[in-house]
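K.L.:
predicted model, plus sequence, below.
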Amino acid sequence: MDKQILEQYIDACVLVEEAKEELRRLRKQRKRIEQDIVKGSSAEFPYTAQNFHVQGISYSVLKDPSSVEVQEKILQQRIDDAAKIKLQVETWMLTIPQRMQRIIRYKIFEELTWAQVAVRMGRKATPDGIRKEFEGFMKTA
């Protein structure tokens with residue numbers, strides 16, 4: 001496991017949320033039903049006015065239903081791929097020392113500066129000390 005996969009974790013988390021939102025939007029669009037009222041009259045005497053309630057799926061929204069299905073499959077594949085990366089990183093994180101888990105979580109996931117990480121670590125930690133500890137761990141990982 002290297003630093004690049006850790007940075008991909010952040011993108012994977014964001015990608016999952018964006019793809020889920022896009023999938024919700026597509027599904028909502030697919031279910032869009034248009035409604036209208038049409039006025040008319042009887043063909044025979046007495047010519048009484050009547051209102052007709054008309055509803056159906058808007059074809060302007062669903063120009064090609066198969067393309068919407070393909071888009072949904074692509075979005076679902078994105079979600080699945082990003083979820084795999086998240087799972088790999090989270091599983092790996094359980095195998096490393098807790099101190100390093102905290103450093104990685106603060107620096108990579110929360111994107112804090114080394115000074116902010118040192119403050120969060122406490123116990124007289126310095127930014128350079130935390131950075132060197134991280135770099136040394138990443139060289140061996």
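P.N.:
Ah, there it is. Residues are numbered from 1 along each chain as shown.
K.L.:
show me the domain layout of the protein.
P.N.:
Segmentation of the chain into domains, based on automatic domain parsing, reads 1-32+58-95, 97-141.
K.L.:
where among these is average confidence lowest?
P.N.:
Of all those, mean pLDDT reaches its minimum on domain 1-32+58-95 (a mean of 78).
K.L.:
okay if I get the domains of the chain as CSV plus mean neighbour count and distance to residue 38?
P.N.:
Where you see a C-beta, it was placed from the backbone N, CA and C, and this is true even at glycine. Supplementary listing: the domains of the chain in CSV, determined by neighbours: other C-beta atoms under 10 Å; distance: least, C-beta to C-beta, whole Å:
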stretch, mean neighbour count, distance to residue 38
domain 1-32+58-95, 13, 16
domain 97-141, 14, 57
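K.L.:
which of the ones you listed sits closest to residue 49?
P.N.:
Each of the domains of the chain was checked against residue 49 via C-beta to C-beta, and the shortest separation belongs to domain 1-32+58-95, namely 26.9 Å.
K.L.:
just to revisit the earlier point, nearest to residue 39, out of the domains of the chain?
P.N.:
Closest to residue 39 of these, according to C-beta to C-beta: domain 1-32+58-95, at 20.9 Å.
K.L.:
as a markdown table, the domains of the chain with distance to residue 42 would be great.
P.N.:
Formatted as a markdown table, the domains of the chain follow (distance: least, C-beta to C-beta, whole Å):
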| stretch | distance to residue 42 |
| --- | --- |
| domain 1-32+58-95 | 29 |
| domain 97-141 | 70 |
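K.L.:
quick one, which of those is nearest to residue 48?
P.N.:
Judged by C-beta to C-beta, the one of the domains of the chain that comes nearest to residue 48 is domain 1-32+58-95, at 30.6 Å.
K.L.:
ok, the most far-flung residue of the chain relative to its centre to residue 38 distance?
P.N.:
Note on the chain: the largest C-alpha distance from the chain mean falls to residue 45, namely 61.3 Å (C-alpha atoms, centre = their mean). According to C-beta to C-beta, to the nearest Å, residue 45 and residue 38 sit 21 Å apart.
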